[in-house]
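Novice: Let's see this in three dimensions:
(chains A, B, C and D)
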2 protein chains.
Amino acid sequence: MKGKATSFDIAHYAGVSQSTVSRALRNSPLVNEETRKRVHDVAKQLNYKVDKNASNLRTQQSSTLALLLFEDPTSDDSQINPFFLAMLGSITRACAKEGYDLLVSFQSASADWQADYEDSHRADGIILLGYGDYIDFQPKFKSLLEQNTKFVCWGATVDNRPDLTVCCDNYGGGKQAAAHFIAHNRSNCAFIGDASDHSPEFFARFQGFKDELLANKVTINERKMANAISTEESGYHATRSLIANNIKFNALFAASDLIAIGAIRALKEANIKVPKDVAVVGFDNIAIASYVNPPLTTIEQNTTVAGQMLVENLLKLIRGEEVQSTLLPPLLIARGSS
Amino acid sequence: MKGKATSFDIAHYAGVSQSTVSRALRNSPLVNEETRKRVHDVAKQLNYKVDKNASNLRTQQSSTLALLLFEDPTSDDSQINPFFLAMLGSITRACAKEGYDLLVSFQSASADWQADYEDSHRADGIILLGYGDYIDFQPKFKSLLEQNTKFVCWGATVDNRPDLTVCCDNYGGGKQAAAHFIAHNRSNCAFIGDASDHSPEFFARFQGFKDELLANKVTINERKMANAISTEESGYHATRSLIANNIKFNALFAASDLIAIGAIRALKEANIKVPKDVAVVGFDNIAIASYVNPPLTTIEQNTTVAGQMLVENLLKLIRGEEVQSTLLPPLLIARGSS
DNA sequence: CCACATTATGACACCGGTGTCATGGTCAAA
DNA sequence: TTTGACCATGACACCGGTGTCATAATGTGG
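Specialist: Alright, predicted model coming up:
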């Protein structure tokens, strides 16, 4: 063989027309069983593979999904949030299972990424993954919708289109954390995360937490809350500032595991014992969580199911099927930190 | 607009031919500056994006690389080794920087994956990433080479083609671990990993370790070695078996961080103090390493540089340029476990 | 004023498949 | 034998760009 074999080469060697080769290789019922077999054999011998570009061009679809990862712009450049890495892994698997390829790309939230992948026919649909500043995304969502781009979104809600979102029941998770503290007689609670609505996921976690406390006649003092983004560093500093201001508490709910890990470091430094003096609960159940000291009690988001749901829903959208808003149940995993 | 705009639409509105549109959009010097601008404006207005399939088909290249991740078949299905996840992150970044898309795919080592991506013109080249059973891969490597598929490989060497490999200086890393123990007067050493040549990376780490010990007149008893694959579980069990056999040692070199973490768990359970009774050194410097208790001393592999080198070398191969075998220097990071 | 280089553009084949329509052959019913 | 249904296959346009060649317009030197 000089270059790569084409369907014409197969046709030549199999003694049929190129049309028949194309049909045979896709197991069309139109071709005779015997010729089908012959074509397959020749194709195998010549190590022939259908040219995806030609095929995609003709059929106007790509059997490919694009995953856009939005990183917290302030996070360390070299480290990706392990929670997203886990999601990435499960999305990859789900795609493979469905026979789709996955294009992965990192984006800064501000960039002009709308529809780039789908318009250029590189992918049939898009999965958006990221924490945080989703509010800025609404105009972009709108532009995606206008162009009829198929996409699903982790966490953030798209105006008027709950079906495009897959997310964990953050509110319910927050409630579980509160219930856990109440059950262990810790009612002097602090919260570290972002209780504003800048970060809808953190906000929902806090709301659930607060509401469940209230249901048990416990209020959370605003002074016992500190803002943090989802990094260990940020959690560390937020906790230090609480300690520095001489705020007392015996339970700490962190909006993510990384924050919780940073918080524990700060507490240890201040010689505050975990869980004896302060019980700590995180959110996500990242791989690290069970290895830190003490092992972190946390609200698990099931990334395997989440990835599957994202892919499944997106494929439904692509096929024009109905999709329902998807809320995944979180699960409290009790470990040593509480 | 009915469907997506094509270059003919742009041509129509800009009052030029389709050829000129194509040239203008790629900023060919052949088109007049004024028309170039006009075409760009129209394209922007119509939200036009070049159809990658058509473009790729014509130019016979895809501006896409494929990343094949081979998982340790025995490892837990839901958890990917964090080291590879880190690599994945850095490869993604390196691709983006070079203007390439990245197709990610998980493969079992046994599957018939050779050349699939490149033959079908979905990717211009392939990056192979995985631990372990690379020996079975040699025939596959051969088949890739025969088909002139461009690929690079992490860790494993390809027969007679050292230029296709990017890897950490595992041997040197092993030596550093030994030197570290010697410097701290720990000469009763154990090793957990795979000292056979089934796993070339682990093997090299062990060789370096052993040789450096020998250079200091220290030998390592074969009874003080246990096999493990790169999971926490495996490290835990291997260490337990050493302890159960009443093997005594005051230094432990684990072939990977996950193994080391499992080892520490086993040691703790046996009430053996780390680092007081046994100093532990791992390999990789995964994100977890600094959070475990005690923080793990480890030999860092710089994943950022590794990802960059893989991508850079692959692109060189694709462009037909000369590539050199690439050995990355490891770096010992001393923490609390030693 | 003509020959020739230079610049900007258009026409057209081509990449390698897929889908539609036309065609030849076989067979059963009329 | 003719008609029509049915099956297997071939011919060909088409997807939406890119690269080559031809051509028209303009400039430049002798």
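Novice: going forward, measure contacts between C-alpha atoms and count neighbours the same way
Specialist: OK.
Novice: neighbouring contacts of the helix or strand of chain A with the lowest mean pLDDT?
Specialist: Of all helical and strand segments in chain A, the minimum by mean pLDDT, DSSP states H and E falls on helix A:116-119, at a mean of 78. Defining contact as Cα atoms under 8 Å, 6 or more residues apart in numbering or on different chains, one finds that helix A:116-119 is touched by A:66, A:123-126, A:149, B:4, B:48-51.
Novice: Please repeat the previous calculation with a cut-off of 6 Å.
Specialist: Applying Cα atoms under 6 Å, 6 or more residues apart in numbering or on different chains, the set of residues contacting helix A:116-119 from outside is A:123-124, B:49.
Novice: Just the buried residues of the helix or strand containing residue A:66, please?
Specialist: Taking DSSP states H and E as the definition, residue A:66 sits inside strand A:64-70. Neighbour-count burial for strand A:64-70, with 16 or more other Cα atoms under 10 Å in any protein chain shown as criterion, is recorded at A:64-70.
Novice: Dump those into a markdown table; add distance to chain B and pLDDT as well.
Specialist: Formatted as a markdown table, the buried residues of strand A:64-70 follow (distance: Cα to the nearest Cα, whole Å; pLDDT from 0 to 100):
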| residue | distance to chain B | pLDDT |
| --- | --- | --- |
| A:64 | 9 | 93 |
| A:65 | 10 | 95 |
| A:66 | 9 | 93 |
| A:67 | 10 | 93 |
| A:68 | 11 | 89 |
| A:69 | 10 | 85 |
| A:70 | 12 | 81 |
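Novice: biggest separation within these, which pair?
Specialist: Maximum pairwise distance among these (Cα to Cα): 19.4 Å, between A:64 and A:70.
Novice: In chain A, where is pLDDT below threshold?
Specialist: Regions of chain A meeting the criterion pLDDT under 70 cover residues A:1-3, A:71-79, A:108-115, A:132-136.
Novice: How is it partitioned into domains?
Specialist: Recorded structural domains for chain A (assignment: automatic domain parsing) are A:7-50, A:64-167+A:303-328, A:170-300.
Novice: picking that back up, just the contacts of helix A:116-119 now: which is nearest DNA strand C?
Specialist: Proximity of the contacts of helix A:116-119 to DNA strand C, judged by Cα to the nearest atom of the strand, is greatest for residue A:124, which lies at 15.5 Å.
Novice: Write out the residues of chain A neighbouring DNA strand D.
Specialist: A:15-20, A:29-33, A:35-36, A:54, A:57-58, A:60 (Cα under 7 Å from any atom of the strand).
Novice: hmm, try it at 6 Å
Specialist: Of all the residues in chain A, those in contact range of DNA strand D (Cα under 6 Å from any atom of the strand) are A:16-17, A:19-20, A:30-32, A:35, A:57-58.
Novice: Most neighbours among these, which one is it?
Specialist: residue A:20 (22 neighbours; other Cα atoms under 10 Å in any protein chain shown).
Novice: what about that one, which helix or strand?
Specialist: helix A:18-25.
Novice: Is there proximity between the helix or strand just after that helix and DNA strand C?
Specialist: Secondary structure here is assigned by DSSP H and E; on that basis, the next helix or strand after helix A:18-25 toward the C-terminus is helix A:33-45. No. Using Cα under 6 Å from any atom of the strand, helix A:33-45 stays clear of DNA strand C, coming no nearer than 10.2 Å.
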